[in-house]
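Visitor: Mind folding the following:
(one chain, ligands or ions: 3)
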Amino acid sequence: MPRKPAKPLWTSPLWTRIDRYFGELLAPSDEKLDSAIKANRKARLPAIDVSPLLGKFLQILVQITKAKRVLEIGTLGGYSTIWMARALPRGGRIVSLEFCPRHAEIARGNLRNAGLLNRVDIRVGPALSSLPQLKSSGAGPFDFIFIDADKVNNPKYLQWALKLSRRGTVIVVDNVVRQGSVVKAKSSDPDIVGTRRCLEMMAAEPRLSAVALQTVGVKGLDGFAMALVIR
Ligand code: SAH
Ligand code: DHB
Ligand code: MG
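Guide: Ligands and ions are numbered 1, 2, ... in the order given. Next comes the predicted model:
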């Protein structure tokens, strides 16, 4: 009998169970979050929204940093946007950049339904066009920046994030592990190259103090990097 190949560790049902347990306890869904996820699946958006616990984590980070101006790169259906928008103080705003008009439309619907559309400005187009426009129109500095779009451009997004920052801005970059591909030596996948280059820039940039953490759970093995602008 041929032996079944060993399951990779990060698909362990135990880790998924723990993530579900923590999620249901600490990041419980509600009608608005639920209907956003339902709308996203119904519209067949890729199921790459942040997990509930990562959404809650972003929400708490927005609160800790007392952010009033948040920049998100990569809106999808606005699930992460809802978590962050709920943490904003009165007058707080999120600018969220999205390449795909259809994604942006679905996100607007979800945010409207959640009563948050008045706090969110979704700009449609390639982020590398929207970012210079933001800068030249005098937007920013942002207090909190969440980078979660096409990973190949992460080095450029990090540079723009720095231009749109001040001392004390916190920058989070999602999906820096992606089932471990970040350390697989010969990866020529442009997304992996972009992720590595972005991490190297975070390490080398004297304006940043950075960290990266791996996560396991409902989305398998992944992780995020976080940087504080220190000067
Ligand atoms: N932050 C979302 C998930 C974002 S998925 C959440 O957690 O709910 C990544 C999104 O980035 C997709 O909607 C994709 O269309 C968008 N994207 C990809 N390339 C982009 C680009 N060059 N500029 C702006 N958005 C882009
Ligand atoms: C992918 C993108 C994401 O933002 C994510 O959270 C997970 C996966 C992807 O492009 O595969
Ligand atoms: Mg992501």
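Visitor: Residue 163 and ligand 2, how far apart?
Guide: As defined by C-beta to the nearest ligand atom, to the nearest Å, residue 163 lies at a distance of 22 Å from ligand 2. In short, each C-beta sits where N, CA and C put it, glycine included.
Visitor: Let me know whether stretch 102-113 sits next to ligand 2.
Guide: No - in terms of C-beta under 6 Å from any ligand atom, no part of stretch 102-113 sits within range of ligand 2; the closest distance is 11.9 Å.
Visitor: How about the residues of the protein by ligand 3?
Guide: Counting by C-beta under 5 Å from the ion, the residues of the chain close to ligand 3 are 148, 174, 175.
Visitor: which residues does the second one contact?
Guide: Taking C-beta atoms under 8 Å, 6 or more residues apart in numbering, we find residue 174 in contact with 50, 54, 74, 146, 147, 148, 224.
Visitor: Burial check on residue 197, number of neighbours?
Guide: Neighbourhood size, residue 197 [other C-beta atoms under 10 Å]: 15.
Visitor: Touching the host helix or strand of it from outside, list them.
Guide: Using DSSP states H and E, the element containing residue 197 is helix 190-204. Residues from elsewhere that reach helix 190-204, judged by C-beta under 8 Å, 6+ apart: 150-155, 157-159, 173, 175-176, 178, 181-182, 184, 187, 208, 210, 212, 225, 227.
Visitor: So which of those belong to helices?
Guide: The helices, defined by DSSP state H, take in 154, 155, 157, 158, 159 from the contacts of helix 190-204.
Visitor: Quick check, pLDDT for the fourth one.
Guide: Translated: residue 158. pLDDT for residue 158: 98.
Visitor: From ligand 3, how far out is it?
Guide: 15 Å (C-beta to the ion, to the nearest Å).
Visitor: Wait, that residue touches residue 171, no?
Guide: Yes - counting by C-beta atoms under 8 Å, residue 158 does reach residue 171; the two are 7.2 Å apart.
Visitor: Now the common contact residues for those two.
Guide: Both residue 158 and residue 171 are contacted by residue 147, under the criterion C-beta under 8 Å, 6+ apart.
Visitor: most neighbours, which of the ones in helices among the contacts of helix 190-204?
Guide: Most surrounded of the ones in helices among the contacts of helix 190-204: other C-beta under 10 Å gives residue 154, at 29 neighbours.
Visitor: which residues sit in contact with it?
Guide: Residues in contact with residue 154 (C-beta under 8 Å, 6+ apart) are 147, 173, 194, 195, 197, 198.
Visitor: Just put these in TSV and tack on pLDDT.
Guide: Shown next, in TSV, are these (pLDDT from 0 to 100):
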residue	pLDDT
147	99
173	98
194	96
195	96
197	97
198	98
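Visitor: Those residues, buried ones only, as a ChimeraX selection?
Guide: Selection of buried members from these for ChimeraX, criterion 16 or more other C-beta atoms under 10 Å:
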select :147,173,194,195,198
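Visitor: Now for the contacts of residue 154: which two are most distant?
Guide: The most widely separated members of the contacts of residue 154, counting by C-beta to C-beta, are 147 and 197 (13.2 Å).
Visitor: downstream neighbour of the helix or strand where residue 72 lies in the secondary structure list?
Guide: Residue 72 belongs to strand 69-73 when assigned by DSSP H and E. Moving toward the C-terminus from strand 69-73, the next helix or strand (DSSP H and E) is helix 79-85.
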